[in-house]
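Novice: Have a look at this prediction, sequence included:
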Amino acid sequence: MVGTVDTKGQTNLAIVSSVVHLGSNPALFGMVMRPHTVARHTLENLLETGFYTLNHLNEDIYPQAHHTSARYPKDISEFNVTRLTPLYTPIIPAPYVQESHIRLGLAFKQKIDIELNGTVFIIGELVEVHFPTDCLTEDGFLDIKRAGSITVAGLDAYHSTNLLERLPYAKPHKSIPPTN
């Protein structure tokens, strides 16, 4: 879910299904937004303020998260309608979702209009991350299954996550692990 706020303090929360990691140095994430042919409060807010949050779904909140896709008037906050709790930090002015276990705070960096279908690609730089400490392994891996994160496919399908295996970094001189 993407959490935003406008300069007047009106919050917005919207579920998105197209988020991708773009690189680690700097840490960047990309997100596809629907065409800006009607009011898109999430897009408008993050362009206005320069900040937004990405909040992982979990089994306790996905029905409420799904309902954030409904088109509410600008003066109606999806936080209020879904009874999800906005959470603020001193660093990011946009609201996080308190009930989310993994929360990312981002600064807007670039907007790319995709002429082929009218969608908009937003690139943000990671500013802060919040997660349960027991989900971080000794080597720095963040275990999203342990955090209870779930995924969305398309507009209405929600799936749990299962780690199959962690493989070593692929290099030409290393052998390919056998398949089962």
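Specialist: In hand now; what should we look at?

Novice: Follow the chain on from the longest helix seen in the chain and name the next helix or strand.
Specialist: Secondary structure of the chain per DSSP state H: the longest helix is helix 41-49. Following helix 41-49 in sequence order, the next helix or strand is strand 51-55 (DSSP states H and E).

Novice: Other residues contacting the helix or strand following that following strand?
Specialist: Counting by DSSP H and E, the next helix or strand C-terminal to strand 51-55 is strand 57-58. Applying C-beta atoms under 8 Å, 6 or more residues apart in numbering, the contact partners of strand 57-58 are 1, 15, 65, 99-101, 147-152, 158. All C-beta atoms are positioned from the backbone trio N, CA, C, and that covers glycine.

Novice: Report the two of those separated the most.
Specialist: Within the contacts of strand 57-58, 15 and 147 form the most distant pair, 17.8 Å apart (C-beta to C-beta).

Novice: What count of nearby residues applies to the closest residue to residue 168 other than its chain neighbours?
Specialist: In space, and not counting its chain neighbours, residue 168 is closest to residue 174: 6.7 Å by C-beta to C-beta, 6 or more residues apart in numbering. Residue 174 has 10 neighbouring residues, counting by other C-beta atoms under 10 Å.

Novice: ok, back up a step: show me just the buried residues among the contacts of strand 57-58.
Specialist: 1, 15, 65, 99-101, 147-150, 152 (16 or more other C-beta atoms under 10 Å).

Novice: For those residues, give me a markdown table that also has distance to residue 30, secondary structure and pLDDT.
Specialist: Below are the buried ones among the contacts of strand 57-58 laid out as a markdown table (distance: C-beta to C-beta, whole Å; DSSP: H, G, I helix; E, B strand; the rest coil; pLDDT from 0 to 100):
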| residue | distance to residue 30 | secondary structure | pLDDT |
| --- | --- | --- | --- |
| 1 | 16 | coil | 96 |
| 15 | 17 | coil | 93 |
| 65 | 20 | helix | 93 |
| 99 | 25 | coil | 98 |
| 100 | 20 | coil | 97 |
| 101 | 22 | coil | 97 |
| 147 | 22 | coil | 91 |
| 148 | 24 | coil | 89 |
| 149 | 19 | strand | 92 |
| 150 | 21 | strand | 88 |
| 152 | 16 | strand | 87 |
